[in-house]
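> need a structure here:
(one chain, ligands or ions: 1)
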Amino acid sequence: MQKLDRRQFIYCGAAFLGSLTPCYAFWRFGGGFPQTVPDDIRGHVFSGGAPQKPWKWSHEGFAYKKLGKDKVVCGICPHHCVLHPGDRSVCRSKVNIDGVLYSLAYGNPCAVHIDPIEKKPLYHFLPRTTAFSIAAAGCNLRCLNCQNWEISQFKPEDVRHVDLFPSAVVKRAQSSRARSIAYTYSEPVTFFEYMFDTARLARRQGIYNLLISAGYINRRPLKALCRVLDAANINLKSFSDAIYRRLNGARLKPVLDTFETLQEQGVHFEMTNLVVPGYVDDADMVRRMCTWIVAHLGPDRPLHFLRFFPRYKLDRLPPTPVSTLTRFREIAMQTGIRYVYVGNVPGHPGNHTYCHHCKKMLIERQGFRVPTYNLVGSRCRFCNTVIPGVWGEKG
Ligand code: SF4
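Residues are numbered from 1 along each chain as shown. Here you go, the predicted structure:
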């Protein structure tokens, strides 16, 4: 038999291990795990993807700079898209037309609904109220498991939409008796101008503003938005930069900065972590994430672990085992987070709110309904402990 030298031995060993990897993936995920996983799925600027002229739902962008004669750079999110005339942004909703940056998602939402606030999920902000909810097409992330890819991964002009400028949104919210307007479903960062102008008008009418987002936004526009923002739910996709790049096409650090900015600006916020099997189901990572949350944001920020269901490019992965969610909830509570929820699992004890002091049930949830409510003002009915959140009128 021919002897192998050292280099051949290493090469053959690597080839053998490489051949096992798809087998392991097939065994673990029933053949659903992608066979080749790129390290970074960040989107790119679409060269020549802009229309020739602005349309009815165009608005000059906020927070952009001109670079030279006709190049522009958008300052809304960490992608910092540099657009030549005729280019379209990573998020698909911004274009450079003759040296001016336009948002094409202004007044043309592709989704308009009235939702219970519990659906956002926001469990510690005005429970039992409704939120007038809007989204325009586009997203600055590329999540393989996107739940709303039919609107997030398309151009604003390529999806069905309605004509609803900011003042009309506020009127519709008022007539539907919603207490708040939620910017949600796709990614509100990419329709920042529309959201900001609507939020300013809503604030004047005493309507609250909710941001439901992945939090991939630069500090300056976020600080400006915080002046008119009342609450947010930010999806912390994982606690690993490598996973952010591989699963979401983004980076971790800017999202952590978003939490610190919201905290510093005094905006009520909650966090969501969608537990995607094979990507975001590592207990050590969850422990590190929760340790960071307690150290930087304190123990009172509600954290929601959500069950994953097969979707979009990960449509052949299994749903998250309920036991994983239960375990992550325990880890988070052991780490010191006081309000930890499990979502997308009807009947789970983690659907409800318990007083962190006396442990009695304060809010029972059945789906988005609240059959039991044991707060008096902002206090526990049983032991009078103040429960973190915004429970009645904002002061
Ligand atoms: S908001 Fe859109 S245009 Fe602006 S930097 Fe982000 S991806 Fe690019």
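> doesn't Met333 lie inside a helix?
Yes - according to DSSP: H, G, I helix; E, B strand; the rest coil, Met333 belongs to a helix.
> for the nearest residue in space to it that is not next to it in sequence, give the beta-bridge partners.
Once flanking residues are discounted, Met333 sits nearest to Val340: 5.4 Å by C-beta to C-beta, 6 or more residues apart in numbering. Every residue, glycine included, has its C-beta placed from N, CA and C. Note on Val340: beta-bridge partners Leu303, judged by DSSP bridges.
> which elements pack onto the helix or strand that contains Lys171?
In the assignment (DSSP states H and E), Lys171 maps to helix 166-175. On a contact count with 3 or more C-beta pairs under 8 Å, 6 or more residues apart in numbering; DSSP states H and E, helix 166-175 meets strand 130-135, strand 180-183, helix 192-204.
> list the contacts of that helix.
The contact list for helix 166-175 (C-beta atoms under 8 Å, 6 or more residues apart in numbering) reads 107, 109, 112, 132, 134, 164, 180-181, 194, 197-198, 200-202, 205, 207.
> distance of the closest residue to the ligand within the stretch 251-395 of the chain from Ile217?
The minimum distance from the stretch 251-395 of the chain to the ligand, using C-beta to the nearest ligand atom, falls at Pro254 (10.7 Å). Separation of Pro254 from Ile217 (C-beta to C-beta, to the nearest Å) stands at 7 Å.
> do the same with Tyr373
34 Å.
> between those two, which has more neighbouring residues?
Ile217 (27 against 14; other C-beta atoms under 10 Å).
> so the more buried one sits right up against Ala250, yeah?
No - contact between Ile217 and Ala250 fails when scored by C-beta atoms under 8 Å: they sit 10.8 Å apart.
> between those two, what contacts are shared?
Taking C-beta under 8 Å, 6+ apart as the criterion, Ile217 and Ala250 both touch Pro78.
> strand partners (parallel or antiparallel) of the longest strand belonging to the chain?
In the chain, ranked by residue count with DSSP state E as the criterion, the top strand is strand 268-275. Sheet neighbours of strand 268-275, with direction, are listed as strand 231-235 (parallel), strand 303-307 (parallel) (DSSP bridges).
> now these as JSON lines including mean neighbour count and distance to Leu67?
Formatted as JSON lines, the strands paired with strand 268-275 follow (neighbours: other C-beta atoms under 10 Å; distance: least, C-beta to C-beta, whole Å):
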{"stretch": "strand 231-235", "mean neighbour count": "24", "distance to Leu67": "30"}
{"stretch": "strand 303-307", "mean neighbour count": "23", "distance to Leu67": "40"}
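> mean pLDDT and distance to Ile293 for these - can I get that in CSV?
Formatted as CSV, the strands paired with strand 268-275 follow (pLDDT from 0 to 100; distance: least, C-beta to C-beta, whole Å):
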stretch, mean pLDDT, distance to Ile293
strand 231-235, 98, 11
strand 303-307, 98, 7
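> residues from the stretch 51-200 of the chain in reach of the ligand?
Taking C-beta under 6 Å from any ligand atom as the contact definition, the stretch 51-200 of the chain meets the ligand at 74, 76-77, 79-81, 89-91, 94, 140, 189-190.
> buried among those residues? Need that as a selection in ChimeraX.
Buried subset of these, written as a ChimeraX selection, criterion 16 or more other C-beta atoms under 10 Å:
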select :74,76,77,79,81,89,90,91,94,140,189,190
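> can you list the residues of the stretch 51-200 of the chain next to the ligand in JSON lines and add distance to Leu317, secondary structure and pLDDT?
Shown next, in JSON lines, are these (distance: C-beta to C-beta, whole Å; DSSP: H, G, I helix; E, B strand; the rest coil; pLDDT from 0 to 100):
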{"residue": "Cys74", "distance to Leu317": "33", "secondary structure": "strand", "pLDDT": "98"}
{"residue": "Ile76", "distance to Leu317": "31", "secondary structure": "coil", "pLDDT": "98"}
{"residue": "Cys77", "distance to Leu317": "28", "secondary structure": "coil", "pLDDT": "98"}
{"residue": "His79", "distance to Leu317": "27", "secondary structure": "coil", "pLDDT": "97"}
{"residue": "His80", "distance to Leu317": "32", "secondary structure": "coil", "pLDDT": "97"}
{"residue": "Cys81", "distance to Leu317": "31", "secondary structure": "coil", "pLDDT": "97"}
{"residue": "Ser89", "distance to Leu317": "30", "secondary structure": "coil", "pLDDT": "97"}
{"residue": "Val90", "distance to Leu317": "25", "secondary structure": "coil", "pLDDT": "96"}
{"residue": "Cys91", "distance to Leu317": "26", "secondary structure": "coil", "pLDDT": "97"}
{"residue": "Lys94", "distance to Leu317": "32", "secondary structure": "strand", "pLDDT": "98"}
{"residue": "Asn140", "distance to Leu317": "24", "secondary structure": "coil", "pLDDT": "97"}
{"residue": "Val189", "distance to Leu317": "26", "secondary structure": "helix", "pLDDT": "98"}
{"residue": "Thr190", "distance to Leu317": "26", "secondary structure": "helix", "pLDDT": "98"}
